[in-house]
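J.: what would the 3D arrangement of this be:
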Amino acid sequence: MNKLILPILLLFIASSAMAQQDTLPKFNAVKKMNGEIVLSWISTFKNVSQINIQRSKDSLRNFSTIHSVPNTGSKSYTYVDKTAKNDSGYYRIFILFEGSNYVFTPSRKLTIDTSSTTVVVKAPTNKPVQPQKEVEKEDKPYVAPKPVWVPSVYIFTGDDGNPVIRLPDALSKKYSVRFLKENGSQLFVIPKITDTYLTLDKVNFMKSGWYHFELLEDGKLKEKNKFLITRDY
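T.: The predicted model follows:
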């Protein structure tokens, strides 16, 4: 009877853990009793090319990407935030789909987990340990992983779909930016940026799609990156 109860108990515990995970666009952001900050969710989206985890001190703006993962086809995700300095942060998930569509989840405030920790102990077994046979490894050709795109913290698409330029030291340094179409041809140039936070109207970019930029600081290249412009629905 005991041999039957143990597998059922383990199955129940695993099912309960899965039930505690929210399904995107909802997700869990919990600080455990041991101090770890854990984000977890279940994804049912299809054709996802990348998922970015973003954090902010408030729930409205100043979100920055703290971790990027390509879509692995896994339905269940868990991430431990080891860089957070306090318990007052907000999190959101940026989901990039194949093509030119993306979505932000609603922001979520970190919560404290006060539940007790369940410890599962394996039942002892009297069966002798069988030696494992060595399996010959088959040499397979190396396939390089796809490069992971990380959004810029200086020029990015805001929540309203308009491009944002955020340069906290714009008053003390000379910044300029050149915007390029996806084929590399120049779209327009802003020769001098004097605002620390500037929102551009996306009508300047004519149509939806990827746009590249080159950000220069005091005449030297600071960053080359890209951002996505989407249509209004």
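
J.: going by C-alpha atoms from here, please, whenever you check contacts or count neighbours.
T.: OK.

J.: if we ignore the residues flanking it in sequence, what's nearest the residue positioned nearest the centre of the chain?
T.: With distances taken as Cα atoms, centre = their mean, the residue of the chain nearest its centroid is Asn52 (1.4 Å). Spatial nearest neighbour of Asn52, chain neighbours left out: Ser68 (4.4 Å); criterion: Cα to Cα, 6 or more residues apart in numbering.

J.: any stretches of the chain with poor pLDDT?
T.: For the chain, the stretches flagged by pLDDT under 70 are 1-20, 60-61, 70-73, 86-88, 100, 115-139, 142-147, 231-233.

J.: so which residues of it form helices?
T.: Here the chain has its helices, by DSSP state H, at 2-20.

J.: okay, now the domains of it?
T.: Domain assignment for the chain by the TED database gives 28-112, 155-229.

J.: need those in a markdown table (columns: distance to Gln21).
T.: Listed next are the domains of the chain as a markdown table, based on distance: least, Cα to Cα, whole Å:
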| stretch | distance to Gln21 |
| --- | --- |
| domain 28-112 | 5 |
| domain 155-229 | 25 |
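
J.: so for Lys140, which of those domains sits nearest?
T.: Of all the domains of the chain, it is domain 28-112 that lies closest to Lys140, at 19.8 Å by Cα to Cα.

J.: got the end-to-end distance for the closest one?
T.: 11 Å (Cα to Cα, to the nearest Å).
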